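Trainee: no sequence for this one, just the structure:
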């Protein structure tokens, strides 16, 4: 299968996959909001793009549903980052505040305050984003360098961002962008994403050469790619 990324004005980046088994053009929205089109080899990109453009309203609605499937944090919530675990406590306090340390993200909420209030949820989410950004800045550049040195890759700079649709990206000048939400996926999948972007420093597309190179560095890479579909880049 061959994958090509095309930016369409109405909806943004779209992944077009040429699949020998496809009998017609198929459109789907992944759990992270990515738009994927599977198409037979006989279909030209121009027609596939027109097909996507005709489905703009449907795409927008589906992405909105995904985006609105947000997490509501409660005292019983189980949420872990790479180095911390969330704990929400209701008790004798007159304000909502946090305390981060010793592997715990503690959120304190007054007993009589409903934890589902928008302001409370926003406070919790901001705290989690801040912690994940801090973790990501410490962990991801160091781990990327380790993997690059091990496999002989060279890159320019690494940026940590809170992006909505991508776990990572590599520019034409080999600058790598990484999503801070990687701090809540398993370690082996973090390595997969990092190696995925490092391979892009030498192969700029998702063709056969890309997957062969990635497989050399990360065996069963396609299995890991599918496993990443179980995680969304934005859950709150």
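Mentor: Thanks, I have the structure now. Bear in mind that the values here come from a model prediction, so they are computed numbers and not experimental data.
Trainee: Confirm that residue 95 sits in a strand.
Mentor: No - with DSSP: H, G, I helix; E, B strand; the rest coil as the criterion, residue 95 is located in coil rather than a strand.
Trainee: So what does the closest residue in space to it that isn't next to it in sequence look like in phi/psi?
Mentor: Nearest-residue entry for residue 95: residue 110, 6.9 Å, with adjacent residues in sequence omitted and distances by CB to CB, 6 or more residues apart in numbering. Using the backbone N, CA and C atoms, a C-beta is placed for each residue, glycine as well. Backbone torsions for residue 110, taken as degrees, to the nearest 10, come to phi -60, psi 140.
Trainee: my read: residue 110 touches residue 93, true?
Mentor: Yes - assessed by CB atoms under 8 Å, residue 110 is found in contact with residue 93 at 5.3 Å.
Trainee: residue ranges for the strands of the protein, please.
Mentor: Assigned by DSSP state E, the strands in the chain fall at 2-8, 12-18, 26-29, 35-39, 85-91, 97-101, 104-110, 158-161, 168-170, 176-179.
Trainee: mean confidence score for the shortest one?
Mentor: Computed over strand 168-170, the mean pLDDT rounds to 94.
Trainee: Please apply the same query to the last one.
Mentor: For strand 176-179, the mean pLDDT works out to 97.
Trainee: tell me what that strand is packed against?
Mentor: Judged by 3 or more CB pairs under 8 Å, 6 or more residues apart in numbering; DSSP states H and E, strand 176-179 is in contact with helix 118-151, strand 158-161, strand 168-170, helix 187-199.
Trainee: Who does it pair with, and is each partner parallel or antiparallel?
Mentor: Partner strands for strand 176-179, per DSSP bridges, with pairing direction: strand 158-161 (parallel), strand 168-170 (antiparallel).
Trainee: List the contacts of the first one.
Mentor: In other words, strand 158-161. Here strand 158-161 makes contact (CB atoms under 8 Å, 6 or more residues apart in numbering) with 133, 136-137, 140-141, 144, 175-180.
Trainee: Since that was my last question, I'll sign off now.
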